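Undergrad: Sequence and predicted structure are below.
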Amino acid sequence: MTFIEDQHYINLILNGNTNSFATLVDRYKDMVYTLALKMLNNKEEAEEIAQDTFIKVFNSLSKFKGESKFSTWVYKVTYNTCLDALKKKKKQNNVAYIEDFSEHQTKKLEGILDNIDEKERNRAIQDCLEELPSDEAFLLTLYYFDDKSIEEVAKVVNISTDNVKIKLFRTRKKLATILKKRLEPEMLDYYEYERR
């Protein structure tokens with residue numbers, strides 16, 4: 001799934017072989033749907049957004065200049081399509097006012113999370129992502145679950161790399177607070193006791 005392979009299919013499509021677009025859709029449909037679901041928290045809407053995204057990608061393919069990876073460009077189209085949908089619906093995201101979390105508390109929680117098995121930890125994090133505003137959940141998903149670099153995330157959401165770092169830091173603190181409230185106190189006590 002390299003950039004060169006993507007470009008090969010893009011060239012075929014631009015030269016009139018529109019059937020080749022199915023290969024790119026197959027390659028990126030899961031990624032697009034997952035990102036849309038993270039932002040919209042609704043399966044039907046995510047499916048619609050995925051379709052809209054691929055229509056936009058197809059119609060704008062000639063504008064793709066190859067300055068970034070094709071996948072990064074698809075992420076950006078997905079993100080913007082989700083933002084448009086959220087604006088249209090004028091959804092009010094429930095933004096919880098979360099108390100500041102000290103660096104020590106954040107590190108302590110990360111230590112506890114390190115001791116929970118990976119599957120359980122990922123499930124806990126995924127559950128808590130749903131409590132974050134969609135744009136923040138999207139950032140964390142790109143960076144931590146899709147392993148995008150700071151530079152790639154910056155291109156997708158169209159902000160500077162410094163802003164990405166600041167947003168990731170703040171969002172991690174919010175996520176840590178949500179995790180702390182969500183994880184059962186007995187579990188926290190157990191893992192804290194084990195670390196002594």
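TA: Received the coordinates, thanks.

Undergrad: Residues touching stretch 158-172, excluding its own?
TA: Contacts of stretch 158-172 with the rest of the structure, by Cβ atoms under 8 Å, 6 or more residues apart in numbering, involve 76, 106, 132, 136, 139, 140, 143, 150, 151, 153, 154, 157. No exception for glycine: its C-beta is placed from N, CA and C like everyone else's.

Undergrad: Mark which of those residues are part of helices, please.
TA: Judged by DSSP state H, the subset of those located in helices is 76, 106, 136, 139, 140, 150, 151, 153, 154, 157.

Undergrad: Around the fifth one, how many other residues sit close by?
TA: Each residue near residue 140 was counted by other Cβ atoms under 10 Å, and the total is 22.

Undergrad: what residues are up against it?
TA: Contact analysis of residue 140 by Cβ under 8 Å, 6+ apart lists 129, 132, 168, 171, 172, 175.

Undergrad: do the last one as well
TA: Applying Cβ under 8 Å, 6+ apart to residue 157 gives the contacts 76, 79, 135, 138, 139, 164.

Undergrad: from memory the fifth one sits against residue 153, does it?
TA: Right, residue 139. Yes. Applying Cβ atoms under 8 Å, one finds residue 139 in contact with residue 153, separated by 6.5 Å.

Undergrad: The helix or strand where residue 176 lies: how far from the chain's middle?
TA: With elements taken from DSSP states H and E, the one containing residue 176 is helix 161-182. From the chain centre to the centre of helix 161-182 is a distance of 13 Å (Cα atoms, centre = their mean, to the nearest Å).

Undergrad: Just the CA trace of that helix, in CSV.
TA: Extracted in CSV, the C-alpha atoms of helix 161-182 (Å, rounded to 0.1, in the frame of the first residue of the first chain):
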residue,chain,number,x,y,z
THR,A,161,2.6,21.3,13.9
ASP,A,162,3.0,23.4,17.1
ASN,A,163,-0.8,23.7,17.4
VAL,A,164,-1.1,19.9,16.9
LYS,A,165,1.3,19.3,19.8
ILE,A,166,-0.6,21.7,22.0
LYS,A,167,-4.0,20.2,21.1
LEU,A,168,-2.7,16.7,21.6
PHE,A,169,-1.2,17.6,25.0
ARG,A,170,-4.5,19.2,26.2
THR,A,171,-6.6,16.4,24.8
ARG,A,172,-4.5,13.8,26.5
LYS,A,173,-5.0,15.6,29.8
LYS,A,174,-8.8,15.5,29.2
LEU,A,175,-8.6,11.8,28.2
ALA,A,176,-6.6,11.1,31.4
THR,A,177,-9.3,12.7,33.5
ILE,A,178,-12.1,10.8,31.8
LEU,A,179,-10.1,7.5,32.1
LYS,A,180,-9.5,8.2,35.8
LYS,A,181,-13.3,8.6,36.4
ARG,A,182,-14.2,5.6,34.2
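
Undergrad: Would you mark the buried spots in it?
TA: 164, 167-168, 171-180 (16 or more other Cβ atoms under 10 Å).

Undergrad: What is the host helix or strand of residue 78 packed up against?
TA: Here residue 78 sits within helix 70-89, counting by DSSP H and E. Counting contacts by 3 or more Cβ pairs under 8 Å, 6 or more residues apart in numbering; DSSP states H and E, helix 70-89 packs against helix 3-14, helix 21-40, helix 43-60, helix 134-140, helix 150-157.
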